[in-house]
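> Take a look and give me a structure for this.
(one chain, ligands or ions: 2)
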Amino acid sequence: MSESPLAVSLTTTRPPWQQELARAVRDPAELLRLLELPATLLEPARRAARLFPLRVPRSYLARMERGNLEDPLLRQVLPLTAELDPAPGFVTDPVGDLGASKGAGVLHKYHGRVLLITTGACAINCRYCFRRHFPYAQANAAAGQWHSALRYIAQRTEVEEVILSGGDPLTLADRRLAQLVTQLVDIPHIRRLRIHTRLPVVLPARVTDELVEWFAGSRLQPIMVLHTNHANELDATVTSAVKRLREAGVTMLNQTVLLRGVNDEAMALTALHQRLFDSGILPYYLHLLDRVAGARHFAITQDRARELHRQMARRLPGYLVPRLVQEIEGAPGKHWLPP
Ligand SMILES: *Cc1c(COP(=O)(O)O)cnc(C)c1O
Ligand code: SF4
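Ligands and ions are numbered 1, 2, ... in the order given. Purely as a prediction, here's the structure:
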């Protein structure tokens, strides 16, 4: 078989993870066909996807069970017309991020930590995400080559930790991220670099040698906070990606969002946290869903959340019980819900 020179150069210059990112499933018809689901779901999925597109990497899709509409991974990505139902109290900017923005993708709400919105892009579109409405395309630090974000951080000597968030920062190329880290290293008061990402879970090929090098190879202490909601998300490919990060000295933490129909059972949450520990990841936060327009069908009550948290605490060692938290607009940190 002969390939054109152009095709050869494209495949050799783009790392495999970027090719996989580009080949994500975006057509609801293809999703239903690959998972052997009824075609009656197509029209509703198309309608909901018009507001927030379908997007799911094939390696994540491969962990779903065919023919199972209740699959906990499928439920996180399948567009449903329930998203279009009016829902009082569910709004487009539930945590007040637009108000907290210091411009150029910098969010400085909490003491000592600055959050950078590095990009609006994600590898997967999670239906419950507040990002479905946030105008990240305009407000991100990368758009201005990081200059004004770095200037802000350099002026705030009380800031010790920079958190890369998004979207998903790991959708950016290693070269760009390495360039940012080089500049952060030059700011003497920065001690820790934290990345909030779902990519090692939904597209583990993203954990390249280059990533490990720029992330764990500087004087900054590296912390990665993954976002995992169900034990089925953690297969052997994820575990081996995490192992390489840990061996390089990265502290691996996880946050989970409580989601009706995905993980709102004590057994599911217990299994998830045991599996996280088996993979070398410690639990950090268990979030109540942000009340974002289009996500009401994922919400559980605060009482139910507290009950699930209590049940987890009865079954798991203390170090495997995450903090139950809620984001409250204008608060100086995540609000902890006492047991
Ligand atoms: C969640 C968040 C942080 C990090 O908070 P931690 O409690 O340190 O994990 C920082 N800044 C903003 C704007 C946040 O939303
Ligand atoms: S920001 Fe996180 S939760 Fe939202 S769509 Fe991206 S990966 Fe999913």
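
> In space, what's closest to Glu70 - neighbours in sequence excluded?
Leaving aside its chain neighbours, Glu70 sits nearest to Gly261 (7.3 Å; criterion: Cβ to Cβ, 6 or more residues apart in numbering). Glycine gets a C-beta too; all of them are placed from N, C-alpha and C.

> neighbours around the one you found, how many?
A count of neighbours around Gly261, defined by other Cβ atoms under 10 Å, yields 13.

> do the same with Thr237
Neighbour count for Thr237, taken as other Cβ under 10 Å: 17.

> Helix, strand, or coil at it?
What DSSP: H, G, I helix; E, B strand; the rest coil gives for Thr237 is helix.

> what's the answer for Val225, then?
Here Val225 is recorded as strand under three-state DSSP.

> Repeat that for Thr256.
Taking three-state DSSP as the rule, one finds Thr256 in the strand state.

> Let the chain start at 830 from now.
Got it, first residue is 830 now, which makes that one Thr1085.

> Tell me, how many residues neighbour it?
22.

> Pro998 contacts Arg1027, correct?
No - using Cβ atoms under 8 Å, Pro998 makes no contact with Arg1027, being 10.4 Å away.

> So what touches stretch 1115-1122?
By Cβ atoms under 8 Å, 6 or more residues apart in numbering, the surrounding residues in contact with stretch 1115-1122 are 916, 918-921, 923-924, 957-959, 961-962, 1084-1088, 1098, 1124, 1127-1129, 1131, 1134, 1138, 1151-1156, 1166.

> Trp1165 bridge partners, please.
Counting by DSSP bridges, Trp1165 is bridged to Val1154.

> Report pLDDT for the spatially most central residue of the chain.
Closest to where the C-alpha atoms of the chain average out (Cα atoms, centre = their mean) is Arg1027, at 3.6 Å. Looking at Arg1027, its pLDDT is 98.

> That one touches Cys958, doesn't it?
No - applying Cβ under 8 Å, one finds Arg1027 not in contact with Cys958, separated by 9.8 Å.

> about what we covered before: which of the three states applies to the residue nearest to Glu899?
Applying three-state DSSP to Gly1090 yields a three-state assignment of coil.

> that older thread, shared neighbours of Arg1027 and Cys958, anything?
Residues touching both Arg1027 and Cys958 (Cβ under 8 Å, 6+ apart) are Cys951.

> Quick one: classify Glu912 as helix, strand or coil.
With three-state DSSP as the basis, Glu912 sits in helix.
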